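Student: sequence isn't available, so here's the structure alone:
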């Protein structure tokens, strides 16, 4: 018994309190936070799975004058209208299949008069980070089968800028892109 008396020294008592406090924090703060991430992932995957079973609806049914909701995200929609020429926006710092990429956004004028961003896919940079040639959006009237997505939001200091002849953004955020382009965009986008 005498051998364990060193555990009663102040340094060992403080260490025991620190370990106990850390264990308490793990169970009360960190574990619920980590498990909560799984819940939100399950909800998102459930919405995606449900959208696979549903027929697409006209985009104006879900975006008729209102912003999309979380329940609308991933819903399949049909959008009719035309792309706005020479108005592509590139989204920087994307990774697709573990390689750098730019996502190409193009404003799309719907038949009801509103305008929504369309994520047309990605392109790979050339020579490091240089912007490659971008295929123009189809001209004339187009019918899209797409999914509704919510704007990603922004971070202060990550403003839209022009480089290599393109408007470039760090996030797919319709309000930020609308402010930079002067277009009245629906808050959200089609993918």
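Tutor: Thanks, I have it. Computed from a predicted structure; not experimentally measured. Numbers count the residues shown, from 1 in each chain.
Student: hmm, who's touching the host helix or strand of residue 188?
Tutor: Assessed by DSSP states H and E, residue 188 sits inside strand 185-190. With contacts defined as Cβ atoms under 8 Å, 6 or more residues apart in numbering, strand 185-190 is touched by 59, 63, 67-68, 72, 77, 79, 105, 107-108, 114-119, 144, 146-151, 172, 174-175, 177-178. (Each C-beta comes from the backbone N, C-alpha and C, glycine too.)
Student: now the buried members of these.
Tutor: 59, 63, 68, 72, 77, 79, 105, 107-108, 114-119, 144, 146-151, 172, 174, 177-178 (16 or more other Cβ atoms under 10 Å).
Student: just checking, which of the contacts of strand 185-190 belong to strands?
Tutor: Among those, the members found in strands (DSSP state E) are 77, 79, 105, 107-108, 115-119, 144, 146-149.
Student: out of those residues, which one sits closest to residue 97?
Tutor: residue 119 (16.4 Å; Cβ to Cβ).
Student: which residues does the closest one contact?
Tutor: Residue 119 neighbours (Cβ under 8 Å, 6+ apart): 103, 104, 105, 149, 172, 189, 190, 191.
Student: one more time with 7 Å
Tutor: Taking Cβ atoms under 7 Å, 6 or more residues apart in numbering, we find residue 119 in contact with 103, 105, 172, 189, 190, 191.
Student: list phi and psi for the residue most central in space within the chain.
Tutor: What sits nearest the mean C-alpha location of the chain, by Cα atoms, centre = their mean, is residue 152, with 4.0 Å. In terms of degrees, to the nearest 10, the main-chain angles of residue 152 are phi -80, psi -20.
Student: make residue 1 into 874 and carry on from there
Tutor: All set: I'll call the first residue 874, so the last point we hit is now residue 1025.
Student: and the worst-scoring helix or strand of the chain on mean pLDDT, what does it pack against?
Tutor: Every helix and strand of the chain was ranked by mean pLDDT, DSSP states H and E. The lowest is helix 904-926, at a mean of 78. For helix 904-926, the contact count by 3 or more Cβ pairs under 7 Å, 6 or more residues apart in numbering; DSSP states H and E identifies no helix or strand as a packing neighbour.
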